[in-house]
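> Sequence and computational prediction follow.
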Amino acid sequence: MSFGIDDNPVFVIDQSRCIGCEACVQACAECGTHRGQSLIHLERVDRATTTQTAPMVCMHCEDPTCAHVCPADAIKQTEDGIVQSASKPRCIGCSNCVLACPFGVPKYVADFDQMMKCDMCYDRTSEGLAPMCASVCPSDALWYGTIEQFNDTRRGSLFRDFMFGRQQVRTKVYTVVDDTADGPLDVASGRSGSWLDDPFGLDESGGKS
Amino acid sequence: MAHPPLTDDELIALYGPHLNEAPPGGWDAGLVIDKVVNTHCCFCGQQCGIKLKVHDNAVVGFEPWYEFPFNQGKLCPKGVKRYLQGSHPDRLLHPMVRDESAAGGFRQVTWDQALDQVVTEIRRIQAAYGDDAFAMLSGVSLTNEKSYLVGKFARLALHTANLDYNGRYCMVSAGAGNKKALGVDRAPNPWSDIPLADVVWIAGSNVAETFPITTGYIWRARDRGAKLIVQDPRVVPLARTADLFLPVRPGTDSALFGAVLHTIIKRDWLDHDFIKDHTLGFDEAAAAVADMTPAWAADITGVPAARIEEAAELWGTSATGMLLHARGIEQHTKGVDNVLAAINLGLATGKFGKPGSGVSTITGQGNGQCGREHGHKCDQLPGNRDITNPEHRAAVAKVWACDESEIPGKGLPAQEIIEAIHAGEIKGLLSICFNPVVSAPDVNFTREALDKLEFYAVIDFFLSESAQHADVVLPGSLHEEDDGTATSGEGRIIKINAAVTPPGEARRDWEILLDIAERLGKREYFPYTNTEQIFDELCRASSGGLADYTGATWQRIEDEMGLFWPIPEVGHPGTPRLFEGGKFHHPDGKARFHAVPFKPSAEVVDDEYPILLTTGRVVSQYLSGTQTRRIAALVAQYPEPLCEIHPLLADSLGIADGDLVTVTSRRGTMTVPAHVVNTIRPDTVFIPYHWPGGKAANQLTNRAVDPISKMPEFKVAAVRLERAIGRGATIDERDLGVTEGST
């Protein structure tokens, strides 16, 4: 799979498909320029109650907050919109970016005394190859292709405009929602009306099982 | 006396597992890549395509193989890191014999000395106790060529009936059920059928962790609007978004399937034409489920009756559907029953032999499919022939150029071989690709058995926990050090390409077997100079059998990116989908329903052992861990076994997340950290089985076997739990190498 200059492939995250296998994290470390260091991470949302996991690649904001707050001007954006990891000679390891990123993406890595984050496998994507994580992801939770390919083969709608308080953030990376017209999700609403409310049928069987 | 020569700690210090963290020279070595080899992952039955990067005769990295159709570059974490098993500090480089006076407990010897000792002991034991007192245990991480060779080697060189393989702990219940019902043992569908299904039912398979690539196929079906049913005692990662979750109590799958069939009959969601034209035995199967109402099954299975009815409606009213099952329903004393009950659902609704329809096992081990086809089993000859059938014996004897009488009869299955060793009936053992000290049920018993052997020889590339018991250790080859083929879980024969040669004095496994055969005076039966010759003979030996490879060649397999058997003649295109037009592989072309009454598991809970234990795998480890416990990045992901406990059960026992908990069964006891999660049934605990010694979940499991398949009951044991002193880390607390900030 490789992409030509006019294909304009996009990166898509569908967290609902994540199976928590960490193939993405392991493969990130194997990308030619990453040299054994994974630049992405996998969040376990709340393992006590769910197997939901979330792979965190950089969302590559159009107007990156991390770069704005960097006192050393160590975070650069390429012409094609990739927000690079911290420039090693400039990064002072202050973690401003770690604290400021609305998505919780950058990490301070003590072994290197610098911030490291996803660079969208720039050595691969700049040559038309998919990033390592989206190449290996078994469940297509991380996916790389054209918007036409996505619309032809996948359910859900692509979404990339986020509100964090009064800050509107548009990202280069897309996520997937059921329907963009649905508006914000009320994630604290409690019962879902599906089997998830009582996976083991404890209410129905009076706690027998 | 085959007990380990040193303590566990001493052995680990010398032979590992040590953790390989980086390719040779480290991450910054800037190695020039000499070549990139298209091959496959060495681990599970999905057999994903992968490109291995080679520098100076060492595998130093991987690249996705986007063009290989099955996985299109996708890999799980084991596939990503598999290359780190090469150039590993634990790699066995020289033949060794046990010598308790030697510093390492083993003494390095020459190949001649090692092989002479092996052959001397084989001869001594067979002269003193009879040919069958020397047994062989093998495994299906081996290529087709090696699996076939082992079958022939055991029969014609060792002349023992007692050869069996580690698929006995993996796929045999599915294999037996498939043959009984469908007349052939192969997945009925290529995986490309999964996206065409209107309903996908995953029964007893944590596909997200054990067959991750299959999750992508399931999502492609869901993108088309397919419904997903997951049947499991745990809300496994795939279940989280399922349309319907059936939280089945371990050991009750056949009651659940029976109630679904009951409902399908009652609501008349049957395919009457299919049943009439293509099957036998429906009336008996229907009679067996006449009383299996959803309410009855709800009591037994713990699945609410309404969900059983919903499953029946989804399956019964969908035009197409795939039911995929794995060890969760198969590793039982009624594993074959469970498989037959699942197949009944496919036959009753006409879901075979058409796109997007089938009931299929998901083969577990890398070459679990071919490894159970060509004579690797105690009752089998190549082509999935029956070793007790005179015509089958004659056909194979002709290809082997031997007298039919030289082929021994049916031998003991793996678990019975271990029992016979323990009973002192089998005195000598040669094993390859099998680590029963971790993977067999009741491993304390298994260890005792190995200690009773008069002689034990092992071919392996690392000193596995079983190899520590050996008298002679013969350093064999890794997957990437030999050419051959494998047959993936969908029945696709694929090409394994050597990337490097074995290091040190290690040799290719087949060359070692040929040398032993030569010393036994049987070299004339093994006239091979390469493994392609072995494959060509395998194809001839399979010709006319159930698993027919007649038209397969290495060249075609490589050119066509795999071939699906049967390939009954030269030039035949292969058979991706079986049973098209409702033609099954029994002589009359009809499939068989089976009456499946519900039976309890060998062990049920009682006051003394009130909790169900079920075992399984995690995504970052593979089987007994011989390879994956030596790769740092995989170990970091899940370093040691945890016991998953529902908070209701944990609270009742005063156990908090991270507390050490002692789990005791009638066989043994172990202490592990508790992982309190509400994603498991409150009457059940789960422990993964990849670790040895005190961390082995198989200290607790039951040796009771299925009467037909001889599969042990890994999935159900009765245990009790007590809080122990101390705390352990559960996975959420582990340092993943990054911090949230510098302050």
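That came through fine. Numbers count the residues shown, from 1 in each chain, chains lettered A, B, ... in the order given.

> what about the longest strand belonging to chain A and chain B, touching?
As assigned by DSSP state E, the longest strand anywhere in chain A is strand A:167-177. No. Judged by C-beta under 8 Å from any C-beta of the partner chain, strand A:167-177 stays clear of chain B, getting no closer than 11.1 Å. Yep, even glycine has a C-beta here, placed from its N, CA and C like the rest.

> Kindly export that strand (C-alpha atoms) in CSV.
Backbone C-alpha positions of strand A:167-177 (Å, rounded to 0.1, in the frame of the first residue of the first chain) are rendered in CSV as follows:
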residue,chain,number,x,y,z
GLN,A,167,-10.8,26.9,22.5
GLN,A,168,-11.8,25.4,19.1
VAL,A,169,-9.3,23.0,17.8
ARG,A,170,-9.2,21.6,14.3
THR,A,171,-7.0,18.6,13.7
LYS,A,172,-5.3,17.0,10.8
VAL,A,173,-6.2,13.6,12.2
TYR,A,174,-9.8,12.6,12.1
THR,A,175,-11.9,10.6,14.6
VAL,A,176,-15.1,8.7,14.0
VAL,A,177,-18.5,9.5,15.4
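
> pLDDT of it, averaged?
For strand A:167-177, the per-residue pLDDT values average out at 94.

> what's next to that strand, contact-wise?
A:10-16, A:57-63, A:65, A:81-82, A:102, A:154, A:156-163 (C-beta atoms under 8 Å, 6 or more residues apart in numbering or on different chains).

> From those, keep the buried residues only.
A:10-16, A:57-61, A:65, A:82, A:102, A:154, A:156-158, A:160 (16 or more other C-beta atoms under 10 Å in any protein chain shown).

> Now do the strands in chain A.
Going by DSSP E, chain A shows strands at A:10-13, A:41-44, A:53-56, A:107-109, A:114-116, A:142-145, A:157-164, A:167-177.

> on contacts alone, who are the packing partners of the third one?
Which is strand A:53-56. Secondary structure elements in contact with strand A:53-56, counted by 3 or more C-beta pairs under 8 Å, 6 or more residues apart in numbering or on different chains; DSSP states H and E, are strand A:41-44.

> quick one: secondary structure of residue B:604?
With DSSP: H, G, I helix; E, B strand; the rest coil as the basis, residue B:604 sits in coil.

> Run a quick neighbour tally on it.
Close neighbours of residue B:604, defined as other C-beta atoms under 10 Å in any protein chain shown, add up to 11.

> what does residue B:268 give?
For residue B:268, using other C-beta under 10 Å, the count is 8.

> Just the pLDDT at it, thanks.
98.

> Run through chain B and note the low-pLDDT ranges.
Counting by pLDDT under 70, the ranges of chain B that qualify are B:1-2, B:731-743.

> care to break it down by domain?
B:19-85, B:96-169+B:368-572, B:172-361, B:611-733 (automatic domain parsing).

> Say whether chain A is contacted by the longest one.
Which is domain B:96-169+B:368-572. No. Against chain A, domain B:96-169+B:368-572 shows no contacts by C-beta under 8 Å from any C-beta, the least distance being 14.5 Å.

> Can you give the distance of that domain from its chain's centre?
Domain B:96-169+B:368-572 sits 16 Å away from the centroid of its parent chain (C-alpha atoms, centre = their mean, to the nearest Å).

> Same question for the first one.
When distances are taken as C-alpha atoms, centre = their mean, domain B:19-85 is centred 22 Å away from the chain's centroid.

> gap between the two ends of it?
Here the two ends of domain B:19-85 are set 10 Å apart, with distance taken as C-alpha to C-alpha, to the nearest Å.

> anything in it near chain A?
Yes. Using C-beta under 8 Å from any C-beta, domain B:19-85 comes into contact with chain A via B:21-22, B:27-28, B:61-62, B:64, B:66, B:71-77, B:79-81.
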